[in-house]
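Undergrad: what's the 3D shape of this:
(2 chains)
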Amino acid sequence: MSFLGNLFSREKKEQLDKGLDKSKQSFFSRLGKAIAGKSTVDDEVLDNLEEVLVSSDVGVETTLKIIERIQKRVARDKYLGTAELDRILKEETAALLAENNTSDANGIVIPEGVKPYVIMVVGVNGVGKTTTIGKLAAQFSKMGKSVILGAADTFRAAAVDQLKLWGERVSVPVVSRGMNTDPSAVAYDTVKAAVDQNADIAIIDTAGRLHTKVNLMQELSKIRRVMQKVIPEAPHEVLLVLDGSTGQNAVVQAREFTKATDVTALAITKLDGTAKGGVVIGISDEFKIPVKYIGVGEKVDDLQVFDKMAFVESLFSNR
Amino acid sequence: MFDNLSYKLEKAFQTLKGQGKITEINVATTAKEIRKALIDADVNYKVAKEVTDEIRNKALGQDVLTSVSPGQLLIKITNDELTRLMGGQAADIRIEGNPAVILIAGLQGSGKTTFSGKLAAYLKKQGRSVLLAACDIYRPAAIDQLKVLGQQVGVDVYAEPDNRDAVKIATAALEYAKKNNHRIVIVDTAGRLAVDEEMMNEISRLKESLKPSETLFVVDSMTGQDAVNTAKAFNERLDFDGVVLTKLDGDTRGGAALSIRRVVDKPIKFVSTGEKMDAIDRFHPDRMASRILGMGDVVTLVEKAQDAFDQEEAKRLNRRIRKNQFDFNDFLSQIEQVKKMGNMKDLLGMIPGLGKAVKDVNIDDDSFKPIEAIIRSMTPKERENPDIINGSRKNRIAKGSGTTVTEVNQLLKQFNEMRKMMKTMNKMGGPRRALSSLNPFGR
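TA: Numbers count the residues shown, from 1 in each chain, chains lettered A, B, ... in the order given. Have a look, this model is predicted:
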């Protein structure tokens, strides 16, 4: 059962299957052939494994790391069949994904007594920050929390409108000063409004920026500092949104955004396509940041809480 | 990355010393390193494998020139091969019909709307009358975004905010264009996943009814391994004419370009950098090759300088690099130009020999101050001929610039490395060749 299979309704799954290459063969059935009758992991198995991992954007370094871990495990435990290798492989891959604070299957958990809980959302252009915020807002309000959104993407054409439309759609107020205004001021206003109105959660949208633009990265640090004038601990959560189809550059993105704003959580979007988002394994491992959400579609419920094992499952499923 | 790759290749080739040809044995390890480098650059796994095999076959039996190391030669072969694979003749966009229709398609967030605005500005600059058609009826405020961009570049935007049928809107836009004498209609569409059957049907219908003379597939240059699947799927449905690479102003290595070109065999026609409406450029395969290999890009640097500033100065700089006359005056003027161009780190990375030095440094406008101060504390003679800088001169320079002798030494060392690199470049390419083909040995 593939990961996406769990996530999608049946019709969607059929669509997905139709879209996928028909000649795709289960990795493990192929792997099974490669290791049949062998008691050690030989080069052929490892080559196969390398291909699977690398084609899921896991990256050379992390792939080598996973392979090394498996070799160690196998040397110690000895495996007998495909099923065991399957299990070991998944375990070792999952082990690289940083733990969520409590257990798996938790999104952002709002601790008791922290009010308003400020979430700042950052990322490069076009990863789906605003959409993710819209969905988050909908889910939080469904849970009975009062949410305020801050339209601090004052740069991209019509970004404020986009957030406002989301606000209307999910009936959540949006704080805005219009386009081309100071994003820090908007963030300040939003946090202030959240305090004044006794809101549970404030989510700040920021403009997409390439991590190579030093000035724009400094602007993020500033937005952060300004919010701290209202609530010293804010933002309680900095959510870095990564596009699931991005390759190795996502590692650099994570590094630079972490430097500028201390990212505390990751969201991986657009995983409803054929992209696997494997790069997140290396990121989570290197920076010890947990993945909290994945985006698998346009609908509000398509922002899902990250499930580590399901994700790993999907890396090795039908391809 | 290149430093790394070059180092590994050198090491792999150490056994070769004294031999005159690249042989099966010594090429095996290096080919592996190249493959890794390609995968690190997000070139598709299978494509990387194929390309590396081809490179290996090409390299076998090649004479190793005395002036270059085998590692360098292999990098040159790789670079040339990548350039060839992504190149072919320059491809223009086809503008035919009345009005001519350009259909823009791609995934969500790939930068279609921004690119549409840029393309409109680009065509308008050529004196053409353009209309933008807003057919992204799904993403909230997408229509507004296109309207704002249209206003910025002074191009009409056709939109029907309440119409939920993209094909009807586009057809009406064509009518509108005819009436108002717009010769080109750029149709911006919603982002869609290749596996979304319904949405793929919509874009097919758009193509069928509009009969565009040019269909462009817009792809984020940061895309990883999936670029191949997506491009294939879009190509199967749309048989698009060309590819647009967006967000190239970041530090992504852009291996997707090679994968897509290889898999669908469609030319890359434009690259898009930054959010300013004039940040659109034709595709240069040679630069993309260096980029994928993680090498500095002198040409882009020189051209950016040309664009933003003094053409004459850029030419002079180019000449001096070629003649091995690059001195501290040139360095200083380069820094001054670079400083005005915004993103330091990107630009600095393009200067041969400096890439490594700036890789992990956070560079802001002030970071040049000590370098500038050091150079400015040199006498004109010292700037022209750094070799005369001895201990006491170093002391004086350090004092004058408020730095330390160590810092002065560091700069001198970097500068010498840079010059050495430039020298190698020149030697490799020969005097007749343009700088563009020389840059494989940059950085």
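Undergrad: find the nearest non-adjacent residue to the closest residue to chain B within the stretch 151-300 of chain A, please.
TA: Residue nearest to chain B within the stretch 151-300 of chain A: A:G247 (2.6 Å; Cβ to the nearest Cβ). C-beta: built from backbone N, CA, C; applies to glycine. Sequence neighbours aside, B:G224 is the residue nearest to A:G247 in space, at 2.6 Å (criterion: Cβ to Cβ, 6 or more residues apart in numbering or on different chains).
Undergrad: now for that neighbour, how many residues are close by?
TA: 33 (other Cβ atoms under 10 Å in any protein chain shown).
Undergrad: repeat for B:D92
TA: 11.
Undergrad: show me the longest helix that occurs in the chain.
TA: Let's take chain A. Across chain A, the longest stretch assigned as helix under DSSP state H is helix A:60-77.
Undergrad: ah, I was thinking of chain B
TA: helix B:405-429.
Undergrad: ok, back up a step: show me what secondary structure element comes after the longest helix of chain A.
TA: Per DSSP states H and E, the first helix or strand lying C-terminal to helix A:60-77 is helix A:82-95.
Undergrad: now that next one: buried residues?
TA: A:82, A:85-86, A:88-90, A:92-94 (16 or more other Cβ atoms under 10 Å in any protein chain shown).
Undergrad: ok, now stretch B:77-86?
TA: Neighbour count says stretch B:77-86 has B:77-83, B:85-86 buried, by 16+ other Cβ under 10 Å.
Undergrad: also stretch B:145-162?
TA: Result for stretch B:145-162 [16+ other Cβ under 10 Å]: buried residues B:145-150, B:153, B:155-160.
Undergrad: kindly identify which of those residues also come near chain A.
TA: B:145-149 (Cβ under 8 Å from any Cβ of the partner chain).
Undergrad: show me the strands in the stretch 201-350 of chain B, by range?
TA: Here the stretch 201-350 of chain B has its strands, by DSSP state E, counting those that start in this stretch, at B:214-220, B:242-246, B:268-272, B:280-282.
Undergrad: could you dump those strands into JSON lines and include mean pLDDT?
TA: Formatted as JSON lines, the strands of the stretch 201-350 of chain B follow (pLDDT from 0 to 100):
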{"stretch": "strand B:214-220", "mean pLDDT": "97"}
{"stretch": "strand B:242-246", "mean pLDDT": "95"}
{"stretch": "strand B:268-272", "mean pLDDT": "93"}
{"stretch": "strand B:280-282", "mean pLDDT": "89"}
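Undergrad: out of those, which is closest to chain A?
TA: strand B:214-220 (6.6 Å).
Undergrad: so what's the gap between that closest one and the chain middle?
TA: Offset of strand B:214-220 from its chain centre (Cα atoms, centre = their mean, to the nearest Å): 17 Å.
Undergrad: coming back round to it: dump the strands of the stretch 201-350 of chain B into a markdown table; add distance to chain A and mean neighbour count as well.
TA: Formatted as a markdown table, these follow (distance: least, Cβ to the nearest Cβ, whole Å; neighbours: other Cβ atoms under 10 Å in any protein chain shown):
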| stretch | distance to chain A | mean neighbour count |
| --- | --- | --- |
| strand B:214-220 | 7 | 26 |
| strand B:242-246 | 8 | 26 |
| strand B:268-272 | 11 | 22 |
| strand B:280-282 | 15 | 17 |
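Undergrad: could you dump the ones you listed into TSV and include distance to A:L315?
TA: Output for those, formatted as TSV (distance: least, Cβ to Cβ, whole Å):
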stretch	distance to A:L315
strand B:214-220	21
strand B:242-246	27
strand B:268-272	29
strand B:280-282	36
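Undergrad: from the buried residues of stretch B:77-86, which are also near chain A?
TA: Answer for these near chain A: none qualify (Cβ under 8 Å from any Cβ).
Undergrad: before we move on, which element is the residue of chain B positioned farthest from its centre in?
TA: What lies farthest from the middle of chain B is B:S392; by Cα atoms, centre = their mean that is 43.7 Å. Assessed by DSSP H and E, B:S392 sits inside helix B:391-401.
Undergrad: relative to helix B:405-429, how tilted is that helix?
TA: If you take axes from the mean of the first three to the mean of the last three Cα atoms, to 10 degrees, helix B:391-401 sits at 110 degrees to helix B:405-429.
Undergrad: and helix B:391-401, which residues are buried?
TA: B:393-394, B:396-398, B:401.
Undergrad: could you chop chain A up by domain?
TA: Domains of chain A are assigned by automatic domain parsing as A:10-99, A:117-308.
Undergrad: flag the shaky bits of chain A, pLDDT-wise.
TA: Counting by pLDDT under 70, the ranges of chain A that qualify are A:1-42, A:78-82, A:99-105, A:318-319.
Undergrad: same thing but 90
TA: A:1-53, A:55, A:61, A:66-115, A:156-158, A:211-216, A:273-276, A:297-301, A:307-319 (pLDDT under 90).
Undergrad: ranges for the helices of it?
TA: Using DSSP H, helices in chain A cover A:3-7, A:10-19, A:27-35, A:43-54, A:60-77, A:82-95, A:129-142, A:159-169, A:183-196, A:214-227, A:249-261, A:279-287, A:308-316.
Undergrad: show the secondary-structure elements that the fourth one is packed against.
TA: I take that to be helix A:43-54. helix A:27-35, helix A:60-77, helix A:308-316 (3 or more Cβ pairs under 8 Å, 6 or more residues apart in numbering or on different chains; DSSP states H and E).
Undergrad: now that helix: buried residues?
TA: A:45-46, A:48-54.
Undergrad: between these, which sits nearest A:A234?
TA: A:L53 (38.3 Å; Cβ to Cβ).
Undergrad: list the contacts for that closest one?
TA: A:62-63, A:66-67, A:278, A:315 (Cβ atoms under 8 Å, 6 or more residues apart in numbering or on different chains).
Undergrad: 7 Å instead?
TA: Contacts for A:L53 (Cβ atoms under 7 Å, 6 or more residues apart in numbering or on different chains) come out as A:63, A:66, A:278.
Undergrad: so which of these are also by chain B?
TA: Among those, no residue lies close to chain B (Cβ under 7 Å from any Cβ of the partner chain).
Undergrad: who wins for most neighbours among these?
TA: Counting by other Cβ under 10 Å, top hit in these: A:G278 with 28 neighbours.
Undergrad: and that residue, its phi and psi?
TA: Main-chain torsions, A:G278, degrees, to the nearest 10: phi -60, psi -20.
Undergrad: A:S55 is in contact with that one, correct?
TA: No. Between A:G278 and A:S55 there is no contact under Cβ atoms under 7 Å: 8.3 Å.
Undergrad: the residue of the stretch 51-200 of chain A found nearest chain B and B:E372, how far apart?
TA: Nearest residue of the stretch 51-200 of chain A to chain B (Cβ to the nearest Cβ) works out as A:G126 at 3.0 Å. For A:G126, the distance to B:E372 equals 37 Å [Cβ to Cβ, to the nearest Å].
Undergrad: A:I110: how many residues sit nearby?
TA: A:I110 has 18 nearby residues by other Cβ under 10 Å.
Undergrad: what does the stretch 51-200 of chain B have sitting close to chain A?
TA: Counting by Cβ under 7 Å from any Cβ, the stretch 51-200 of chain B comes close to chain A at B:107-111, B:140-141, B:144-145, B:148-149, B:193-197.
Undergrad: 8 Å - rerun?
TA: B:107-111, B:138-142, B:144-149, B:152, B:193-197.
Undergrad: could you report the neighbour count for the closest residue to A:A94 other than its chain neighbours?
TA: Leaving aside its sequence neighbours, A:A94 sits nearest to A:V312 (Cβ to Cβ, 6+ apart; 4.8 Å). By other Cβ under 10 Å, the residues close to A:V312 number 22.
Undergrad: pretty sure A:V312 is in contact with A:T93, am I right?
TA: Yes. Using Cβ atoms under 8 Å, A:V312 is in contact with A:T93, at 5.0 Å.
Undergrad: how about B:A120: what's its closest non-neighbour residue?
TA: B:V155 is the one closest to B:A120 (Cβ to Cβ, 6+ apart), at 4.3 Å.
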